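Using only what follows, build the 3D model:
(2 chains)
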There are 2 protein chains.
Amino acid sequence: MKKILNSVESLLEESLNGFAKAHQDIIQFNHQPHFIRRKDSSPKPKVALISGGGSGHEPLHTGLVGVGMLDAACPGHVFTSPTPDQMIAAAESVENGAGVLFIVKNYAGDVMNFEIAGEMLDCPYDTILVSDDVSLPKDHSTGRRGVAGTVIVEKIVGAAAEAGASLAECKVLGDRVNNATATMGVALTSCTVPALGKPTFDIGHNEMEMGVGIHGERGREPMELSNASEIVEHLVAAIDVDLQPKQGQKVLLHVNGFGATPLMELYLVFELAETLLKDKGVDVVRSLVGNYTTSLDMAGCSVTLTLLDEQLIALWDAPVHTANLRWGC
Amino acid sequence: MKKILNSVESLLEESLNGFAKAHQDIIQFNHQPHFIRRKDSSPKPKVALISGGGSGHEPLHTGLVGVGMLDAACPGHVFTSPTPDQMIAAAESVENGAGVLFIVKNYAGDVMNFEIAGEMLDCPYDTILVSDDVSLPKDHSTGRRGVAGTVIVEKIVGAAAEAGASLAECKVLGDRVNNATATMGVALTSCTVPALGKPTFDIGHNEMEMGVGIHGERGREPMELSNASEIVEHLVAAIDVDLQPKQGQKVLLHVNGFGATPLMELYLVFELAETLLKDKGVDVVRSLVGNYTTSLDMAGCSVTLTLLDEQLIALWDAPVHTANLRWGC
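Next comes the predicted model:
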């Protein structure tokens, strides 16, 4: 394992310390228990958006805390759910009279811990489960996983909360965005979890893992490594079957790198996906290309599509000021 | 070689097409010859800042074209200098009465080609050579290489040009920032150039390359892989010797990932570097952490320090709107 670290045990704390120093103008780091919160509270009651999950997916979620997006994020150890005490402490810190909305990627540990935390809160709360990964069937026993579409849910609901939407409105909106969002990923290499010290899965020199999860879960099928056009056709086809965008449908196209894939390749994927969509009559009106929901040092990427309407476009465009997503302010 | 691509020959063009589509609100892609330019010209005469170099370092330089930074960028093939015709065409496209300033990383091919281009221009022009890599001695035969400090030079000079500074003022400022900036990098793995199809250099399982260049040039010395604290001490010491910041000196600390290093590790490096600097009485007042000057899929990072004064802080803070660096607008 080749990583820049002092020890597996100290990595998260040291890294969060650095994150907090680098972005001290906008966020604060609570040490015990761990959470990152917005530095300045909203002056008026505002739904408090809280997310979290295992570390190793940065900038998700800590890098998305700030004005117009999350109020707090609870980082667990690498690929490990945060614990209810983190979520409760974060909620108590940022709740300011309009209730708490948890945005949770659909993994058993995260779901259970956010549920426990919610039951302990003495304020109104609700939960959005993100489940955008179409590599699993809709009727999968534990439901579909939440992957790169999480960023889109957090951005759009974040803008609505900032604009004064109620807890109930944010909940309805978040579910709507989740249902309008589909993601499919492919890995060329495995990631290496520091505590494990070796790649999570074996993959041949001439193989790729189609439908991989963001923790290096094996995908739908290992396939022979093909060229970019064939890879992107596969990704877009899986999304298309699921989301069935209509002719003239406006969409957001998000190409997400898993950590070790150069921007040149991500923009190539964007080009190929946009061309395929245009050929189907789908209109890419917004885009996001880069490493947002990573899987440590995994090579590969995912393609995410969100069906947009004028309300969602306006919320996507609204100002945001976080460590790793920023525009309009 | 595991990469998402159709062919080595088509990669650059296809990738730039995707980049241009994803950021069509702010940039335009000129196909023959290749350059990326700001979409909207400045309404009043403004020094035209043009940079460029081999591709594979994205977001440098194409991702830094926009308001408050570059007017145009000329991308060569991977790790290959762009040609004078690109620079001339870019200059003719964006020059609007206040002259052209080339910002050039100090590599023989880039320097030569920008020089040829400059001689062909029929407008006033000047050149800033960026040479921030302290892994080579100051009196190295071809001078020091330009690496991650280039982003800082481009940001600060970009803000000055946007504010109406003259060509002569931008030139003096750029040289001053370059002289106030020092970078040292370390690689844990090699990168793989698509056209070569195999890693640029061999590196042992327990080795790192201290003082590596951004094209995977071998560094000062291969060293045994050590822990993060020792790595960062090494990087900061090399910068410290060169830049000799005084007690109380305000600095910008930039931790740059080479492409395959997770943000968690980059923030760990930031934490360790900031702590070392604070112990020396150096005051980190601005920061930039992320993948800005990459080396394709190389694992590793560089640390860059720029000595700041109030003028440079104000220029750093000035609004910028590019594909990959954006704030204040």
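
how does chain A divide into domains?
Here the domain parsing of chain A from automatic domain parsing is A:11-179+A:316-327, A:181-309.

now do the same end-to-end measure for the last one.
Between the start and the finish of domain A:181-309 there is a gap of 13 Å, counting by C-alpha to C-alpha, to the nearest Å.

Determine if any part of it is in contact with chain B.
Yes. Applying C-beta under 8 Å from any C-beta of the partner chain, one finds domain A:181-309 in contact with chain B at A:188-189, A:205, A:208, A:225, A:227-229, A:231, A:259-272, A:274, A:284, A:287, A:289-291, A:294, A:296-297, A:299-301. To be clear about C-beta, it is placed using only N, CA and C from the backbone, and glycine gets the same treatment.

Would you indicate which residues of stretch A:318-329 are buried?
Residues A:318, A:320, A:321, A:322, A:323, A:324, A:325, A:326 are the ones in stretch A:318-329 that count as buried (16 or more other C-beta atoms under 10 Å in any protein chain shown).

Need the max-distance pair from those residues.
A:318 and A:323 (17.7 Å; C-beta to C-beta).

returning to that earlier point: tell me the buried residues within the residues of domain A:181-309 next to chain B.
A:188-189, A:208, A:225, A:228-229, A:231, A:259-272, A:274, A:284, A:287, A:289-291, A:294, A:296-297, A:299-301.

Just those residues: which are in strands?
Those of these mapping onto strands are A:208, A:284, A:287, A:289, A:290, A:300, A:301, per DSSP state E.

Now do the contacts for residue A:175.
Residues near residue A:175 by C-beta atoms under 8 Å, 6 or more residues apart in numbering or on different chains: residue A:128.

Ok, residue A:93 next?
Residue A:93 makes contact with A:30, A:35, A:37, A:72 under the criterion C-beta under 8 Å, 6+ apart.

burial count for the closest residue to chain B within the stretch 51-200 of chain A?
Per C-beta to the nearest C-beta, residue A:58 is where the stretch 51-200 of chain A lies closest to chain B, at 3.9 Å. Using other C-beta atoms under 10 Å in any protein chain shown, residue A:58 has 26 neighbouring residues.

What are the neighbouring residues in contact with the closest residue to it other than its chain neighbours?
Excluding the flanking residues, the one nearest residue A:58 by C-beta to C-beta, 6 or more residues apart in numbering or on different chains is residue B:263, at 3.9 Å. Contact partners of residue B:263, counting by C-beta under 8 Å, 6+ apart, are A:58, A:59, A:63, A:291, A:294, B:257, B:289, B:290.

Quick check on the fourth one: phi, psi?
Backbone geometry at residue A:291, expressed as degrees, to the nearest 10, gives phi -90, psi 100.

Need phi/psi at the closest residue to it other than its chain neighbours.
In space, and not counting its chain neighbours, residue A:291 is closest to residue A:257: 4.2 Å by C-beta to C-beta, 6+ apart. When read as degrees, to the nearest 10, the backbone of residue A:257 gives phi -90, psi 140.

neighbours of residue A:257, just the number please.
27.

Tell me what it is bridged to.
For residue A:257, the beta-bridge partners are residue A:301 (DSSP bridges).

With pLDDT and distance to residue A:171 as added columns, please give the ones in strands among the buried ones among the residues of domain A:181-309 next to chain B in CSV.
Listed next are those as CSV, based on pLDDT from 0 to 100; distance: C-beta to C-beta, whole Å:
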residue, pLDDT, distance to residue A:171
A:208, 96, 37
A:284, 98, 28
A:287, 98, 27
A:289, 98, 29
A:290, 98, 28
A:300, 97, 32
A:301, 98, 30
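
hang on, residue A:152 packs against residue A:251?
No. Under the criterion of C-beta atoms under 8 Å, residue A:152 is not in contact with residue A:251, lying 10.8 Å apart.

Which neighbours do the two have in common?
Counting by C-beta under 8 Å, 6+ apart, the residues touching both residue A:152 and residue A:251 are residue A:306.

So between those two, which is more surrounded?
The neighbour comparison of residue A:152 against residue A:251 (other C-beta under 10 Å) goes to residue A:152, with 27 against 24.

Secondary structure element holding the more buried one?
Per DSSP states H and E, residue A:152 falls inside helix A:149-162.

Where do the helices of chain A begin and end?
A:11-22, A:84-94, A:108-120, A:149-162, A:167-179, A:228-243, A:263-279, A:310-317 (DSSP state H).

now, of those helices, which is deepest in the fold?
helix A:149-162 (a mean of 27; mean count of other C-beta atoms under 10 Å in any protein chain shown).

Nearest spatial neighbour of the residue nearest in space to the middle of chain A, chain-adjacent residues omitted?
Using C-alpha atoms, centre = their mean, the residue of chain A that lies closest to the mean C-alpha position is residue A:150, 3.5 Å off. Taking C-beta to C-beta, 6+ apart, and ignoring the residues beside it in sequence, residue A:150 has residue A:130 as its nearest neighbour in space, at 4.7 Å.

Check what pLDDT the residue of the stretch 1-150 of chain A found nearest chain B gets.
Residue nearest to chain B within the stretch 1-150 of chain A (C-beta to the nearest C-beta): residue A:18, separated by 3.1 Å. For residue A:18, the pLDDT comes out at 98.

how much space between it and residue A:4?
12 Å (C-beta to C-beta, to the nearest Å).

Was I right to think residue A:213 contacts residue A:183?
No. Contact criterion C-beta under 8 Å: residue A:213 and residue A:183 do not qualify, at 10.4 Å.

Mind checking which of the two has more residues around it?
residue A:183 (31 against 20).

Show the contacting residues for the more buried one.
Each residue near residue A:183 by C-beta under 8 Å, 6+ apart is listed here: A:132-134, A:147-149, A:239, A:254, A:256, A:302-305.

Considering these, which is situated nearest to residue A:218?
Set against residue A:218, the nearest of those by C-beta to C-beta is residue A:133 (13.1 Å).

Any idea how many residues pack against that closest one?
Using other C-beta under 10 Å, the number of residues around residue A:133 comes to 29.

how near is the residue nearest to it when sequence neighbours are not counted to residue B:72?
Using C-beta to C-beta, 6+ apart and skipping the chain neighbours, the partner closest in space to residue A:133 is residue A:145 (4.2 Å). Residue A:145 sits 42 Å away from residue B:72 when distances are taken as C-beta to C-beta.

of these two, who's got more company?
Between residue A:145 and residue B:72, residue B:72 has the larger neighbour count (other C-beta under 10 Å), namely 28 against 22.

give the contact list for residue A:87.
Counting by C-beta under 8 Å, 6+ apart, residue A:87 makes contact with A:35, A:50, A:52, A:74, A:102, A:113, A:114, A:117, A:118.

swap that for residue A:304, sorry
Residues near residue A:304 by C-beta under 8 Å, 6+ apart: A:132, A:147-149, A:152, A:181-183, A:239, A:252-256.

Next: residue A:199.
A:189, A:190, A:191, A:192, A:216.

From what I see, residue A:146 and residue A:131 are in contact.
Yes. Shown here, residue A:146 and residue A:131 form a contact pair, counting by C-beta under 8 Å, at 5.6 Å.

Show me what the helix-or-strand element of chain A with minimal mean pLDDT packs onto, helices and strands only.
Least confident helix or strand, chain A: strand A:221-224 with a mean of 87, by mean pLDDT, DSSP states H and E. Counting contacts by 3 or more C-beta pairs under 8 Å, 6 or more residues apart in numbering or on different chains; DSSP states H and E, strand A:221-224 packs against strand A:207-210.

strand partners of the strand it packs on, parallel vs antiparallel please.
Paired neighbours of strand A:207-210 in the sheet (DSSP bridges): strand A:181-187 (antiparallel), strand A:221-224 (antiparallel).

What lies in contact with the shortest one?
Think strand A:221-224. Contacting residues not belonging to strand A:221-224 are listed as A:203, A:204, A:206, A:207, A:208, A:209, A:210, A:211, A:234 [C-beta under 8 Å, 6+ apart].
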